[in-house]
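Trainee: what follows is a predicted structure for the sequence shown.
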Amino acid sequence: MATFFDEVRKNKLRSGLIIFLFFVFVLVVGGFIGWYWFSGAPGGFLGGVVLAFIVGGLYFLIAWFAGSDMVLSTTGARPVTKKEYPYLYNTVEGLALAAGVPTPKCYVIDDSALNAFATGRDPSNSAIVVTTGLLKTMNRQELEGVIAHEMSHIKNYDIRVMLLTAVLVAVLTLLSDILLRSFLFGGGRNRNNEGGQFQLILMVVGLVLVILSPIIGQLIKLAVSRKREYLADANGALLTRYPPGLASALKKIAKDPDPLVDHANRATAHLFISTPFRDRTGFWTNLFSTHPPIQERIKRLEKM
């Protein structure tokens, strides 16, 4: 039987490995751009790596200082007072104390769908958002399970991990586009008689990277999201010491007749406790889903 700490340890290791490999892949693509532009000249690859760092840094600064506010705005979340939703506030305050983190700000989305998410860059700058539909439907233990799940995202710095992953995906897509434009409009310079053969080899390898980079980037982003959901489930159960509470909440969410959150989009879908779009089945749907199968999550909680 898996313990809380087993789930936490395994998912932290897997998520860390995925992000590390993804980061290396981004730098390799950037290095390849530099190598292509200078036809294998010394320092070309290193120059491309530096370019990837600079572009990534700019993207990250924008996301770091404005990302959370942008997410709250695009999802239609509004701040609420303790007088308006006293039980939500009490639950958030109690679980923040148990988790040992500052109390996040509380927001609600006026929507009948059953969903919630956490956002921010660190525990001191974080927010928990729930739909009004979830507040009306969940009992005390179920709501505590959901809030504990989101509090775990904050305590584990998942909100920062997902921010970093989203930035890496954006950078990888941009670098792939630069590489493709280099092939189309020129950029490499032949420095010897074998330049044509060298450039042909680079062209083939580069085109493979152009095709695969956005796909690999998106798949890794989704994989990180899925692993973090399992980790937050395990840590959430650890906070409440009552796994059936979150399991019961997920069962209700799975049966929600209208799971669509009106203001959700593909950029914010990975933040929610469950996919905010209508359920679809099939191989490709599961492959590109931002969340692990909800029945598998319930099964793991019931084994704890």
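Mentor: Structure's in. What do you need? Please read all numbers here as calculations on a predicted model, not as lab measurements. Numbering: from 1, shown residues only.

Trainee: for the protein, which helix is longest?
Mentor: helix 195-240 (DSSP state H).

Trainee: what packs against it?
Mentor: helix 4-37, helix 86-99, helix 140-155, helix 158-185, helix 243-254, helix 294-303 (3 or more CB pairs under 8 Å, 6 or more residues apart in numbering; DSSP states H and E). C-beta: built from backbone N, CA, C; applies to glycine.

Trainee: other SSEs contacting the fourth one?
Mentor: Judged by 3+ CB pairs under 8 Å, 6+ apart, helix 158-185 is in contact with helix 4-37, helix 44-74, strand 116-122, helix 195-240.

Trainee: I'd like these as TSV, with distance to residue 273 and mean pLDDT appended.
Mentor: Listed next are the helices and strands packed on helix 158-185 as TSV, based on distance: least, CB to CB, whole Å; pLDDT from 0 to 100:
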stretch	distance to residue 273	mean pLDDT
helix 4-37	16	75
helix 44-74	15	83
strand 116-122	5	91
helix 195-240	8	76
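
Trainee: among those, which is the most enclosed?
Mentor: strand 116-122 (a mean of 23; mean count of other CB atoms under 10 Å).

Trainee: got the angle for that strand vs helix 243-254?
Mentor: Relative orientation of strand 116-122 versus helix 243-254 (axes from the mean of the first three to the mean of the last three CA atoms, to 10 degrees): 110 degrees.

Trainee: any residues touching strand 116-122, and which ones?
Mentor: Contact partners of strand 116-122, identified using CB atoms under 8 Å, 6 or more residues apart in numbering, comprise 64, 67-68, 71-72, 75, 104, 126-131, 134, 146-147, 149-151, 153-154, 157-160, 163, 268, 271-273.

Trainee: quick one: that strand to chain centroid distance?
Mentor: Relative to its chain's centre, strand 116-122 lies at 11 Å (CA atoms, centre = their mean, to the nearest Å).

Trainee: repeat that for stretch 265-273.
Mentor: Distance, centroid of stretch 265-273 to centroid of chain: 8 Å (CA atoms, centre = their mean).

Trainee: state the mean pLDDT of it.
Mentor: Mean pLDDT, stretch 265-273: 79.

Trainee: what comes up buried for it?
Mentor: 268, 269, 270, 271, 272, 273 (16 or more other CB atoms under 10 Å).

Trainee: so which of these comes closest to residue 115?
Mentor: residue 272 (5.0 Å; CB to CB).

Trainee: the closest one contacts residue 264, doesn't it?
Mentor: Yes. Contact criterion CB atoms under 8 Å: residue 272 and residue 264 qualify, at 6.9 Å.

Trainee: and residue 96, what does it touch?
Mentor: 102, 103, 104, 151.

Trainee: now these: which count as buried?
Mentor: Buried among the contacts of residue 96 (16+ other CB under 10 Å): 103, 104, 151.

Trainee: what is the neighbour count of residue 78?
Mentor: Using other CB atoms under 10 Å, residue 78 is surrounded by 11 other residues.

Trainee: now it: phi and psi?
Mentor: Dihedral pair for residue 78: phi -130, psi 140, per degrees, to the nearest 10.

Trainee: all further residue positions should be reported with the first residue as 33.
Mentor: In the new numbering, first residue 33, that becomes residue 110.

Trainee: roughly how far apart are residue 268 and residue 90?
Mentor: As defined by CB to CB, to the nearest Å, residue 268 lies at a distance of 35 Å from residue 90.

Trainee: that older thread, the helices and strands packed on helix 190-217 into CSV, with extra columns for distance to residue 285?
Mentor: Output for those, formatted as CSV (distance: least, CB to CB, whole Å):
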stretch, distance to residue 285
helix 36-69, 20
helix 76-106, 20
strand 148-154, 9
helix 227-272, 12
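
Trainee: want to try CSV for the buried ones among the contacts of residue 128, with distance to residue 212 and pLDDT as columns?
Mentor: Converted to CSV, those look like this (distance: CB to CB, whole Å; pLDDT from 0 to 100):
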residue, distance to residue 212, pLDDT
135, 47, 95
136, 41, 96
183, 42, 96
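
Trainee: residue 184 against residue 260, yeah?
Mentor: No. Counting by CB under 8 Å, residue 260 is not a contact partner of residue 184; they are 9.3 Å apart.
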